[in-house]
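K.L.:
sequence first, predicted coordinates after that:
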Amino acid sequence: GYTLTDQPEKIIAAEIIREKLFMLLKQEVPYGIGVEVTLFNEREGKNLVDIEANIYCEKESHKGIIIGENGKMLKKVGMLAREEIERLLGTKVFLKLWVKEKKDWRNNKIMLKSLGYNI
């Protein structure tokens, strides 16, 4: 599990993933993307952190754009995000990303809070 001290790292990891999505997708999926880090686990005795994150989008069509042909876009996002997170943490990172459609997630206060937005 994670402790409160992991909170900033989880939020930073989510921000980095979101930043890579915006950078690579440009205008294709402008705002309707949220990133929630669901797992942030430092493996004991190993120089390794496991991170799992959900990427939320509002439309099924956006899901296809984010994943890309044969998963290429999602792989690229994951690779760039992992490299930056590794630099930041100074450790190896195992990053898993899932893309999920969640209609109207931006209007859901509970969901916004869990994604780190202050409301």
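P.N.:
Arrived safely.
K.L.:
so where's the protein uncertain?
P.N.:
Residue ranges of the chain with pLDDT under 70: 1-7, 29-30, 105-106, 110-119.
K.L.:
90 instead?
P.N.:
Low-confidence segments of the chain, defined by pLDDT under 90: 1-11, 26-34, 44-45, 58-62, 102-119.
K.L.:
what's the burial count for Val35?
P.N.:
For Val35, the count of nearby residues is 22 (other C-beta atoms under 10 Å). Just so you know, the C-beta spots here come from the backbone N, C-alpha and C atoms, and that holds for glycine as well.
K.L.:
kindly report the same for Asn108.
P.N.:
By other C-beta under 10 Å, neighbour count at Asn108 equals 15.
K.L.:
look up how far Ile66 lies from the closest residue to it other than its chain neighbours.
P.N.:
Among residues not flanking Asn108 along the chain, Lys102 sits closest, at 7.9 Å (C-beta to C-beta, 6 or more residues apart in numbering). Taking C-beta to C-beta, to the nearest Å as the measure, Lys102 falls 13 Å from Ile66.
K.L.:
how close does the residue nearest to Asn108 get to Glu52?
P.N.:
Note on Lys102: its distance to Glu52, by C-beta to C-beta, is 17 Å.
K.L.:
does Val99 sit in a helix, a strand or a coil?
P.N.:
strand (DSSP: H, G, I helix; E, B strand; the rest coil).
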